[in-house]
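[1] I'll drop the sequence and a predicted model, then ask my questions.
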Amino acid sequence: MEMINGTAVQEFILEGFPAVQHLGKVLFLVHLRAYLGSITGNMVIITFTWADHPLETPMFVLLSYFSFCKCFFITTVVPKLLSIFLLGRQTIPFIACVIQAFSFLYLGSTIAFFRGVMFVDWYLATCNPLHYSTITNLRVCVLCWVLCYTLSFIFIIGLAMKVSQLSFCGPNVIPHFFCDIGLLTHLSCSNTHSFETYVFFIAIFVILISLLIAIITYSHIVVTIVHLPSTMEQQKAFCTCSFYHMILSLMYSSCVFIYLKPKQTNRLDSNREAALVNTVVTPLLNPVIYTLRNKQVHQALKGTLSRVKLQK
């Protein structure tokens with residue numbers, strides 16, 4: 001209520017992509033297919049993990065938690081983007097904009113932490129297979145899941161407290177397709193220097209910690225692969241690593257570009273394309289990379305299809 005009482009702005013206007021708005025229906029279909037593909041792929045991971053007992057291993061349990069969070073993450077942004085493309089509905093109520101901004105940050109930071117956990121799990125499975133089952137179990141997976149959500153919640157509470165002290169008296173046009181917290185603060189008529197500094201340091205902590213874990217574990221995994229006795233095993237492992245490397249490069253480069261670059265209000269438009277990578281491209285690639293190249297998932301899929309045929 002403090003935010004509502006401290007501002008005269010009742011709604012914001014999301015610009016979306018004005019340069020290509022005349023292609024709205026085409027872009028609507030493209031992004032709708034990507035959104036449905038992402039949701040379907042992640043739901044398949046969740047379903048197979050918990051419906052097929054052989055997949056109830058720590059690795060796949062972590063992956064199902066990650067997919068669950070990913071579904072909510074893209075749902076905070078993409079539906080509004082679709083309505084902009086199809087219906088031209090660019091307005092969003094003040095409170096809905098604030099909720100979208102914090103939901104995006106909360107789920108995004110949770111995903112970043114969880115990706116670091118998954119890299120540690122991958123490292124243990126690859127580099128310490130003999131001790132993997134003793135170190136990692138379902139209880140550890142649940143604890144990691146709770147820890148990731150808790151850390152993100154602590155950061156978001158701090159941001160919410162600072163935003164509650166800002167006032168919004170106009171203008172109300174956000175040059176983006178969703179309510180980005182950085183652009184939202186540019187519209188405030190309050191002094192936002194301390195808030196922007198706080199957001200910047202949180203971004204550094206969340207992104208760089210996750211990136212550092214990824215680099216360290218990925219390096220050890222590559223070294224382990226190099227020492228594999230079979231050339232064929234090395235080729236298969238490097239092929240899988242190349243897919244992981246591609247999606248990580250897309251995700252971290254876009255995050256660094258958006259959140260860790262110096263303040264440049266004259267280059268806000270470029271953030272939209274970078275944000276599309278995180279909200280549309282990588283969520284669509286995640287299920288493909290994590291499941292289609294996994295033999296256990298193939299076997300589970302074949303088993304499910306065979307059971308369906310028998311029932312018919």
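    In hand now; what should we look at?

[2] so what's the residue count around C127?
    The number of residues packed near C127 is 15, by other CB atoms under 10 Å. The way it works is simple: take the backbone N, C-alpha and C, and place the C-beta from them, glycine included.

[3] low pLDDT regions in the chain?
    Applying pLDDT under 70 to the chain flags residues 1-7, 52-56, 233-245, 260-270, 290-312.

[4] just the helices in it please.
    Along the chain, counting by DSSP state H, helices occupy 2-5, 24-51, 58-75, 78-87, 94-127, 129-135, 138-163, 181-186, 193-226, 231-259, 270-276, 282-287, 295-311.

[5] which stretch among these approaches F17 most closely?
    F17 lies closest, by CB to CB, to one member of the helices of the chain: helix 270-276, at 6.6 Å.

[6] tell me which residues are up against that closest one.
    Here helix 270-276 makes contact (CB atoms under 8 Å, 6 or more residues apart in numbering) with 17, 175-178, 180, 183, 254, 257-258.

[7] any idea how far that helix is from the middle of the chain?
    Its chain's C-alpha centre and that of helix 270-276 lie 14 Å apart, by CA atoms, centre = their mean, to the nearest Å.

[8] go through that helix and flag the buried ones.
    Buried residues in helix 270-276, counted by 16 or more other CB atoms under 10 Å: 271-272, 274-276.

[9] of those residues, which pair is most distant in space?
    The distance between the two most remote of the buried residues of helix 270-276 (CB to CB) is 9.7 Å, for N271 and L276.

[10] what comes into contact with stretch 201-219?
    109, 112-113, 115-116, 119-120, 122-123, 155, 158-159, 241, 244-245, 248, 252, 255-256, 259-260.

[11] G41: which of the contacts of helix 270-276 is nearest?
    When the contacts of helix 270-276 are compared for distance to G41 (CB to CB), S254 wins out at 19.8 Å.

[12] now do the contacts for that closest one.
    274-275, 277-278.

[13] before we move on, the earlier item: just the buried ones out of the contacts of stretch 201-219, please.
    Buried among the contacts of stretch 201-219 by 16+ other CB under 10 Å: 109, 112-113, 115-116, 119-120, 122-123, 155, 159, 241, 244, 248, 252, 255-256, 259.

[14] what sits closest to G16 if chain neighbours are left out?
    Excluding the flanking residues, the one nearest G16 by CB to CB, 6 or more residues apart in numbering is I84, at 4.2 Å.

[15] hang on, isn't V277 packed against S249?
    No: contact criterion CB atoms under 8 Å: V277 and S249 do not qualify, at 10.2 Å.

[16] could I get the buried residue list for stretch 8-18?
    9, 12, 14-17.

[17] and that stretch, C-alpha only, in PDB?
    Presented in PDB, the C-alpha positions along stretch 8-18 are these (Å, rounded to 0.1, in the frame of the first residue of the first chain):
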ATOM      1  CA  ALA A   8       0.200   9.000  -9.000                       C
ATOM      2  CA  VAL A   9       0.700   6.400 -11.800                       C
ATOM      3  CA  GLN A  10      -2.100   3.900 -12.000                       C
ATOM      4  CA  GLU A  11      -0.700   1.900 -15.000                       C
ATOM      5  CA  PHE A  12       2.300   1.500 -17.200                       C
ATOM      6  CA  ILE A  13       2.600   1.200 -20.900                       C
ATOM      7  CA  LEU A  14       4.900  -1.500 -22.300                       C
ATOM      8  CA  GLU A  15       6.300  -0.500 -25.700                       C
ATOM      9  CA  GLY A  16       7.100  -4.100 -26.700                       C
ATOM     10  CA  PHE A  17       8.700  -4.100 -30.200                       C
ATOM     11  CA  PRO A  18       7.300  -1.100 -32.000                       C
END
